[in-house]
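*Asks:* Quick one, structure for this:
(one chain, ligands or ions: 1)
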Amino acid sequence: MCGIIGYVGTQRALPVIMEGLKRMEYRGYDSAGVSIMDPVGFFTLKRAGKLAVLEGALEGHSHAGTIGIGHIRWATHGAPTDINAHPHYSCRGDLHLVHNGIIENYRELRDELTALGHTFVSETDTEVLAHLIEQELQPGVPLETATERGLKKVVGAYGLALISAREPEKIIAARLGSPLVLGVVPDGSLIVASDVAAIIAHTRDVVYLQDREMAVLTPKGYAIRTLDAQEVSRPLERVEWDIGSAEKGGHAHFMLKEILEQPDTLNATLLGRIISGEGLVKMGGLETIADRVRNIDRLIIVACGSARHAGMVGEYLIEEYADIPVEVELASEFRYRRFPAGGKTAVLAISQSGETADTLAALHEAKRRGLLTLGLVNVAGSSIARETDAGMYNHVGPEIAVASTKAFTSQLALLVLLAVYLGRQRRLSHALSEELLHGLSQLPLQMGKVMQQAEGIIALAQKYRHAERWLYLGRKYQYPVALEGALKLKEISYCHAEGFAAGEMKHGPIALVDAATPTVVLAPRDSVYEKTISNIEEVRARGGAIIAIANDEETVQRSLVDHAIIVPRTLEALSPLLTVVPLQLFAYGFAVARGLDVDKPRNLAKSVTVE
Ligand code: F6R
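*Replies:* Purely as a prediction, here's the structure:
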């Protein structure tokens, strides 16, 4: 989820590109770079760190070139360093390229290209693109043809922009699975970017590229074609957003943007990890320690907040499908506890930021004890990512709203993959893993169906805006979802919301039920469905309003709930990925109705780097 930009026209390219990068800063990133081309050659500068570091390094440079590309990076393959920052170059240095996305087969491509004499300088997947296209750029072959031929060998996702001294007036841009938008500036200049926010200071007239399309930009105009050289003609669209809302994808808040983009972020998490037909999972990050992982006989998951709730779903998943005993520990408790653990115990730290102080300290304790440590992290190069023996990245891009949403569902998806990975190393059958992986691959589409109800869910939450106390109930896989739903509501609305295992109600919490305390019940058609229906009846008998998250109308009629939100049915083990989405939307709508700053709730920080 990096940001890319390219400019060609009559103005100096460098200021336009730097301004565009600044507009994409909201995404969060860890390095940045630019390449400007003129008849003499390239001017390139790349720096790890904030954009300000690159800006500082650019001081005193007033390059006059009118064509160039720029990039802000959110590291996935290779740490955030100057060398790994984009643009990346071909061996001859005459082709520079920026890329957003992941090249899944980059190892194979790198080996092939190395055998052909190419030399790689970075640890990134992106660099293969520059060499791949260079390899095709034989004398007489136009730049677009070489790009087209190179891209046909790529498995993965890309939005890219490249410039080459071979055809110094051209930018080639292409996309597959990563957004790209082309802006037509009134003076005839053209800007291509991954994000409309990078463009609208200059123009509101844009064309969105579709997958497998390529745009050729020159000072004289642009042409769009498919990767099979079919011409594409598409009318310009007018962007009506202002700059502030463009950053939020046209939404009022980052939290809403991040909730709604979950079908895409889920796809990004799954990309390249399911080996369909074989019932297998590819976990690139675990390859180096596959044998140690095979021997794990106990797993301790350490995490805080939402990440811990994801870990609790992981506990059910890994015990059910991999038959490994799992405990989930609050990192803040685990770090101070005496825990007996044998040599085959592994510790898995789950953390969006990779910087949470308690999770990091728990990890240090596990390392001190000589245990195998694994990480499930969104921010590449973060402390937890660096300090664990091996791990998995979420690949969902920066999460800006304080309340975690897209990282949470991605954590759930990675835990399903991990359960299958560990299971297949043990006794999980091909048929069962195929069923899970097939179900997983359907989820982005099913999640899209939940998103279609977003407005209705937000409106429902508004009706309840005066409620001060909330209960959330769920059983089995839905218990952690109940905890997560309650956490979402309380952290952004400042109302008291508590999640319980539904079976615990009779042991105390049911005393809280009264007419002023609505209860949200997670009631999908799972193996504990009938028990959950009984719990709904217990609450209803005591006069509290009930909102159910269900799979069908029959549930609604049977349980006589006040309101129901219907989500598509999936396998029980996958259902948290769908049932949590209405709870995120509900919490969002509720807090907005109470006039609160949902993106930056009081007293909270995105990354809790102190104890
Ligand atoms: C809740 C939330 C927090 C985090 C927790 C751990 O919406 O965002 O509960 O989940 O602070 O943060 P990470 O995942 O960065 O370790």
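*Asks:* who's in contact with residue 174?
*Replies:* If you count contacts by Cβ atoms under 8 Å, 6 or more residues apart in numbering, residue 174 has them with 147, 151, 158, 159, 160, 180, 209, 213, 214, 215, 227. Just so you know, the C-beta spots here come from the backbone N, C-alpha and C atoms, and that holds for glycine as well.
*Asks:* show me what contacts the closest residue in space to the last one that isn't next to it in sequence?
*Replies:* Excluding the flanking residues, the one nearest residue 227 by Cβ to Cβ, 6 or more residues apart in numbering is residue 212, at 4.8 Å. Neighbouring residues of residue 212 by Cβ under 8 Å, 6+ apart: 175, 176, 226, 227, 228.
*Asks:* Excluding chain neighbours, what is closest to residue 571?
*Replies:* Among residues not flanking residue 571 along the chain, residue 439 sits closest, at 4.5 Å (Cβ to Cβ, 6+ apart).
*Asks:* one step back: select from the contacts of residue 174 every entry located in strands.
*Replies:* Among those, the ones falling in strands (DSSP state E) are 158, 159, 160, 213, 214, 215.
*Asks:* Excluding sequence neighbours, find me the nearest residue to the fifth one.
*Replies:* Using Cβ to Cβ, 6+ apart and skipping residues adjacent in sequence, the residue nearest residue 214 is residue 174, 4.2 Å away.
*Asks:* Next SSE downstream of the helix or strand hosting the one you found?
*Replies:* Using DSSP states H and E, the element containing residue 174 is strand 171-176. Note on strand 171-176: by DSSP H and E, the next helix or strand toward the C-terminus is strand 181-184.
*Asks:* export the following helix or strand past that following strand as PDB, just CAs?
*Replies:* Sequence-wise, the next helix or strand downstream of strand 181-184 (DSSP H and E) is strand 190-193. Provided in PDB are the C-alpha atoms of strand 190-193 (Å, rounded to 0.1, in the frame of the first residue of the first chain):
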ATOM      1  CA  LEU A 190      -0.500  14.700 -17.000                       C
ATOM      2  CA  ILE A 191      -0.200  13.200 -13.600                       C
ATOM      3  CA  VAL A 192      -0.500   9.500 -12.800                       C
ATOM      4  CA  ALA A 193      -0.900   8.400  -9.100                       C
END
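*Asks:* and residue 169, what is it in contact with?
*Replies:* Residues in contact with residue 169 (Cβ under 8 Å, 6+ apart) are 8, 67, 218, 219.
*Asks:* now for the residues you listed, which pair is the farthest apart?
*Replies:* For the contacts of residue 169, the farthest-apart pair by Cβ to Cβ is 67 and 218; their separation is 8.8 Å.
*Asks:* Looking at these two, which is more packed in?
*Replies:* Set residue 67 next to residue 218 and count neighbours by other Cβ atoms under 10 Å: residue 67 wins out with 23 against 15.
*Asks:* Bridged to the more buried one, which residues?
*Replies:* Residue 67 forms beta bridges with residue 8, residue 37, as assigned by DSSP bridges.
*Asks:* If I follow the layout properly, it ends up in contact with residue 164?
*Replies:* No: with contacts counted by Cβ atoms under 8 Å, residue 67 stays clear of residue 164, the gap being 10.5 Å.
*Asks:* re the thing from before, for the residue nearest to residue 571, give its distance to the ligand.
*Replies:* Note on residue 439: its distance to the ligand, by Cβ to the nearest ligand atom, to the nearest Å, is 25 Å.
*Asks:* name the helices or strands packed onto the helix or strand harbouring that residue?
*Replies:* Residue 439 belongs to helix 430-451 when assigned by DSSP H and E. Contacts defined by 3 or more Cβ pairs under 8 Å, 6 or more residues apart in numbering; DSSP states H and E place helix 430-451 against helix 262-270, strand 274-275, strand 280-281, helix 305-322, helix 406-425, helix 576-593.
*Asks:* circling back: in contact with the residue nearest to residue 571: list those residues for me.
*Replies:* Contacts of residue 439 (Cβ under 8 Å, 6+ apart): 570, 571, 574.
*Asks:* residues contacting the first one?
*Replies:* Residue 570 makes contact with 439, 442, 443, 446, 577, 578, according to Cβ under 8 Å, 6+ apart.
*Asks:* Take these and lay them out in a markdown table including pLDDT.
*Replies:* Below are the contacts of residue 570 laid out as a markdown table (pLDDT from 0 to 100):
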| residue | pLDDT |
| --- | --- |
| 439 | 97 |
| 442 | 97 |
| 443 | 98 |
| 446 | 98 |
| 577 | 98 |
| 578 | 98 |
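*Asks:* Now the buried members of these.
*Replies:* Neighbour-count burial (16 or more other Cβ atoms under 10 Å) applied to the contacts of residue 570 gives 439, 443, 446, 577, 578.
*Asks:* from those, which single one is nearest the ligand?
*Replies:* For those, the residue nearest the ligand by Cβ to the nearest ligand atom is residue 577; the value is 16.3 Å.
*Asks:* measure that closest one to residue 568 for me?
*Replies:* Applying Cβ to Cβ, to the nearest Å, the value for residue 577 to residue 568 is 11 Å.
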